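Asker: Sequence and predicted model, in that order:
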Amino acid sequence: YALYVWSFFFGLILASVYFVGKKIGKFRWSVALLFLLGAVVAAAIAFMEPAQENASIPYLLLCGAIAMCSMILPGLSGSYVLLLMGNYHLVMIKAVSSFDLAVLIPVGIGAAAGLAAFARLLSWVFKRFHDQTIALLTGFIFGSLAILWPWKEAVLQTFMKGEELKEKIIGYDYALPDLSSMETWGALAIMFAGIVMIGLIEVTAGKLGDD
């Protein structure tokens, strides 16, 4: 049910744009520019072609660090970053299923180092430049909607690795929803449910905060 799953998360993220963005205290040109920058960067990621698989230790360390840093930022998926870096299948499927420590240990070390360094940096930036940081993160969230657009078809590329035929996603063909289709209206209803869910969570959190 790919269409319905994409639609639900699209609704969640769309609502999050509003609720995160409303935390910006005062409008400035720097705020607007950083929102635009975040949106452009996140949207550009959606159209990047994934790299080839690479099992070298330095590259695995880099994959772990970048994937973990992207998990801290709203709007960027660590799994999607691994996919773009060409190592999603290697790390999340092959290495995890076979418990391949030769792959998992470098990725784990990179993730721990990335988390320790980037979380500290993000905390410092957030305290010094609150509105600008929120604007950049809101832009990331808004730009990520390009990745989550439900009406798309994966473009696959097949290649040989040794004697094994493999395929990878190199992009998507995007389309507009067919409003004459009941499937489309079902997807839109699920998208709306995602929006409502985020709204209810925010309202509930606000009431608990007041209590």
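Answerer: Ah, there it is.
Asker: For this protein, just list every one of the strands.
Answerer: Shown for the chain, the strands assigned by DSSP state E span residues 152-161, 164-174.
Asker: okay, the first one in CSV with CA atoms only?
Answerer: Looking back up the chat, that one is strand 152-161. What follows is strand 152-161, C-alpha atoms only, in CSV (Å, rounded to 0.1, in the frame of the first residue of the first chain):
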residue,chain,number,x,y,z
LYS,A,152,5.3,8.8,-8.1
GLU,A,153,6.8,5.7,-9.7
ALA,A,154,10.3,4.5,-8.9
VAL,A,155,12.8,4.5,-11.7
LEU,A,156,14.9,1.3,-11.4
GLN,A,157,18.4,0.6,-12.8
THR,A,158,19.7,-3.0,-13.0
PHE,A,159,23.4,-3.8,-12.8
MET,A,160,25.6,-6.8,-12.3
LYS,A,161,27.6,-7.2,-9.1
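Asker: Run through the neighbouring helices and strands of it.
Answerer: With contacts taken as 3 or more CB pairs under 8 Å, 6 or more residues apart in numbering; DSSP states H and E, strand 152-161 sits against strand 164-174. Using the backbone N, CA and C atoms, a C-beta is placed for each residue, glycine as well.
Asker: What's the mean pLDDT across the strand it packs on?
Answerer: Regarding strand 164-174, the rounded mean pLDDT is 71.
Asker: what do you get for stretch 115-125?
Answerer: Stretch 115-125 comes out at a mean pLDDT of 84.
Asker: Return it as PDB; C-alpha atoms alone will do.
Answerer: Extracted as PDB, the C-alpha positions of stretch 115-125 are listed here (Å, rounded to 0.1, in the frame of the first residue of the first chain):
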ATOM      1  CA  LEU A 115      25.800  12.200  17.100                       C
ATOM      2  CA  ALA A 116      28.300  13.400  19.800                       C
ATOM      3  CA  ALA A 117      29.700  16.100  17.500                       C
ATOM      4  CA  PHE A 118      26.600  17.300  15.700                       C
ATOM      5  CA  ALA A 119      24.200  17.300  18.600                       C
ATOM      6  CA  ARG A 120      26.600  19.600  20.500                       C
ATOM      7  CA  LEU A 121      27.000  21.900  17.500                       C
ATOM      8  CA  LEU A 122      23.300  22.000  16.900                       C
ATOM      9  CA  SER A 123      22.600  22.800  20.600                       C
ATOM     10  CA  TRP A 124      25.100  25.800  20.400                       C
ATOM     11  CA  VAL A 125      23.600  27.100  17.200                       C
END
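Asker: Kindly state the pLDDT recorded for M160?
Answerer: In this model, M160 carries a pLDDT of 64.
Asker: my bad, should have said M197
Answerer: In this model, M197 carries a pLDDT of 90.
Asker: Low-confidence stretches in the protein?
Answerer: 49-50, 74-77, 159-163, 168-171, 209-211 (pLDDT under 70).
Asker: mind checking the backbone torsions on K22?
Answerer: The phi/psi pair for K22 (degrees, to the nearest 10) reads phi -70, psi -10.
Asker: now the helices for this protein?
Answerer: 2-21, 29-46, 57-72, 78-84, 88, 96-98, 101-128, 130-143, 145-148, 182-210 (DSSP state H).
Asker: Many thanks, have a good one.
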